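>>> below are the sequence and a predicted model; questions follow.
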Amino acid sequence: MVGAGAAGAVLAARLSEDPERTVLLLEAGPSPATEEEFGPQLLDARLVPGAQTDHPGTCVYPVHLTPERPWAVTRGRVLGGSTTVNGGYFVRARRQDFDRWSAMGNPAWAYDRVLPFLRALENDLDLGAGPMHGGQGPMRVRRVGTDHPAAAAFRDAALTHGYSVEPDKNDLDAAPGFGPVPTNSVNGVRHNTALNYLPPEVRSRPNLTVRGGSPVARVAVEHGRAVGVVLVDGALIRAGEVVLSAGAISSPQLLLLSGIGPRADLERLGIPVLRDTPAVGAHLSDHPQVVLDWTLRHDPPAPQGTWLGGCLHLASGVGEFGDRDGPGDLEVLQSLVPMSGLTSGRTTVPGAPLPFMVAAQAPRRTGRLSLVRADLAAPPRLHYGFLSTPDDRRRLREGVRATAALLASPPMADLTTGCAGPAPDVLAADGALDRWIADNIGTAQHTCGTVPMGPVDDPRAAAVDQYGRLHGIRALRVADTSILPDAPLRGPAATAVLVGEVIADAMRRGVQ
Ligand SMILES: Cc1cc2nc3c(=O)[nH]c(=O)nc-3n(C[C@H](O)[C@H](O)[C@H](O)COP(=O)(O)OP(=O)(O)OC[C@H]3O[C@@H](n4cnc5c(N)ncnc54)[C@H](O)[C@@H]3O)c2cc1C
């Protein structure tokens, strides 16, 4: 197995429950085993290490969100992967996501079939076990309270504006609205998948080896069958089956470096083609986001426990997913830590505004990942294709205006001197607001879809089957958010854990 992130750590833990199976988990970054070894820098849930581009637990990729908007995205490079450096928001994909993926030829992803795994992976500390929730799984889930004055003002403003209350954002049948954020942070500690799934008693299993500091350079394939991996130092490690869980940027990169991808691209770089698979890298999917900073009349108290405030999901009214009775395709996520604090690792910054992250979360597949050189050390070319459709622009306009309206209403207006941008005349005019959004566009860092799953008959649409098996190459799988055909309507961390659970179950049952 390559990569011990949100999906990889889960898969390794579940597979090694079977004493008949031997698992070697290779992780590029370090492999701390205990909370002490991770240390407060990676565990403090009031901080988001992945927001710091110079943090030792991350690696950074230059990307273009639009042709005019270069950006830097990060990924976790440490045991637990991006769950070790992320925001800790742990919200399930919506029923509509599972219905869509299932209808694309992946029946194992139908809502009714994944619900038992969603329950098995969690220990919902607020709601306990029930038809919708689990009470014994490895991922402890707790909802963030809204007693911080900024969170309480956001809640009251949202309810005054008539948004629904959504007390459980992990209830897939609930209408979208304002509610507390489910997180995998408990008592101020962000519990990444390594802590939850690979505690010392699991790591001491005789059939499981976890090896950090072991970046893999490519998959070794002989006669159409994966036979192992080649490390960056050139060492070949043989295996009966290879699973790539290196994340939605590195897994497609490793496939391309191994000769699995679009033929023309591989030939241009002199990489021998093992399998012409146009879908690899062709459908990168992520969520565009802008930050609305609001200035406070008085510095707020430091956040307790987590950086997260409240969270509002609403419908944009745009397109299929923006239906007013639908799942909500816009997210307004409140941070109780200023952006300058998140990017520098500080929980308070006197005088600094607080941000709302406004993201358009309708599923979209506008991006592309391709290689620049046949070299693991050369970051791939990443184009996100944000704002390339009128719907993108309409959705984000809707999200920005809805957030600005909340800021201007009494419960919030009492706390703030206003929005640091956009100015009222910009807000009022579509063209001016589009330009502001284009100048300020960012990403929620929810990359998916770079090795999409689906039936074998359309190599332009799908590279793997619903259990992550590469079409056309035996004994090779991908198990991470790469395989999701598009980014779900909510952040993908909980769904990445689900990928690990679903594929581990299929492997253990020997599903053909
Ligand atoms: C800053 C940030 C904040 C985020 N916040 C949230 C959030 O709050 N909620 C949410 O739902 N989602 C969030 N996400 C997204 C979420 O964390 C990811 O979608 C999820 O972790 C992806 O899981 P994965 O298993 O696909 O990959 P990852 O978790 O990224 O794991 C990949 C692993 O593979 C390893 N690896 C990579 N290349 C190699 C190689 N060549 N050899 C060996 N190992 C390798 C990496 O070091 C890493 O450990 C955030 C992401 C980022 C970057």
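Structure received.
>>> does Glu398 touch Leu330 like I think?
Yes - between Glu398 and Leu330 there is a contact under Cβ atoms under 8 Å: 6.5 Å. (Each C-beta comes from the backbone N, C-alpha and C, glycine too.)
>>> show me the contacts for Gln41.
By Cβ atoms under 8 Å, 6 or more residues apart in numbering, the residues touching Gln41 are 47, 49, 55, 57, 345.
>>> tell me how far the residue in the stretch 301-450 of the chain positioned nearest to the ligand lies from Gly87.
Nearest residue of the stretch 301-450 of the chain to the ligand: Gln445, at 3.8 Å (Cβ to the nearest ligand atom). For Gln445, the distance to Gly87 equals 9 Å [Cβ to Cβ, to the nearest Å].
>>> which one of those two has more residues nearby?
Higher neighbour count among Gln445 and Gly87: Gly87, with 28 against 21, using other Cβ atoms under 10 Å.
>>> sticking with that one, tell me its helix or strand.
Here Gly87 is covered by no helix or strand, with elements defined by DSSP states H and E.
>>> please report phi then psi for whichever residue of the chain sits closest to the ligand.
With Cβ to the nearest ligand atom as the measure, Gly5 is the residue of the chain nearest to the ligand, at 1.8 Å. Backbone torsions of Gly5, given as degrees, to the nearest 10, read phi -90, psi -140.
>>> what about it, neighbour count?
33.
>>> just give the closest residue to it, not the sequence neighbours.
Closest residue to Gly5 apart from its sequence neighbours, by Cβ to Cβ, 6 or more residues apart in numbering: Gly81 at 2.0 Å.
>>> count of residues packed around the one you found?
Neighbour tally, Gly81, other Cβ under 10 Å: 32.
>>> enumerate every residue touching it.
Going by Cβ under 8 Å, 6+ apart, the list of residues near Gly81 reads 3-6, 8-9, 75, 192-193, 247.
>>> name the residues of the stretch 201-350 of the chain found near the ligand, please.
215-216, 245-248, 250, 254 (Cβ under 6 Å from any ligand atom).
>>> domain parsing for the chain?
Following automatic domain parsing, the chain resolves into domains at 1-139+189-282+365-381+447-512, 146-179+288-360+387-440.
>>> ranking those by burial, who's on top?
Highest mean neighbour count among the domains of the chain (mean count of other Cβ atoms under 10 Å): domain 1-139+189-282+365-381+447-512, with a mean of 21.
>>> pLDDT of that one, averaged?
Domain 1-139+189-282+365-381+447-512 comes out with an average pLDDT of 97.
>>> surely Ala194 meets Ala4?
Yes - proximity of Ala194 to Ala4 meets the contact threshold set by Cβ under 8 Å, at 6.3 Å.
>>> what is in contact with those two at once?
31, 79-80.
>>> out of the residues you listed, which sit inside strands?
Assigned to strands by DSSP state E, none of the shared contacts of Ala194 and Ala4 qualify.
>>> and which of the residues you listed is nearest Gly188?
Gly80 (16.9 Å; Cβ to Cβ).
>>> who are the contact partners of that closest one?
So Gly80 contacts 4-6, 9, 192-195 (Cβ under 8 Å, 6+ apart).
>>> which stretches of the stretch 201-350 of the chain form helices?
Here the stretch 201-350 of the chain has its helices, by DSSP state H, counting those that start in this stretch, at 247-257, 263-268, 339-342.
>>> now the ones you listed as TSV including distance to Gly510?
Formatted as TSV, the helices of the stretch 201-350 of the chain follow (distance: least, Cβ to Cβ, whole Å):
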stretch	distance to Gly510
helix 247-257	23
helix 263-268	32
helix 339-342	45
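>>> indicate which one of the ones you listed is closest to Val456.
Of all those, helix 247-257 comes closest under Cβ to Cβ, at 16.0 Å.
>>> and the residue of the stretch 301-450 of the chain closest to the ligand, what element?
Counting by DSSP H and E, Gln445 is part of no helix or strand.
>>> surely it touches Gly50?
Yes - counting by Cβ under 8 Å, Gly50 is a contact partner of Gln445 at 7.0 Å.
>>> list residues touching both of those two?
The contact sets of Gln445 and Gly50 overlap at 74, 82, 86 (Cβ under 8 Å, 6+ apart).
>>> give me the subset of those touching the ligand.
Checking those against the ligand (Cβ under 6 Å from any ligand atom), the matches are 74, 82, 86.
>>> many thanks, have a good one.
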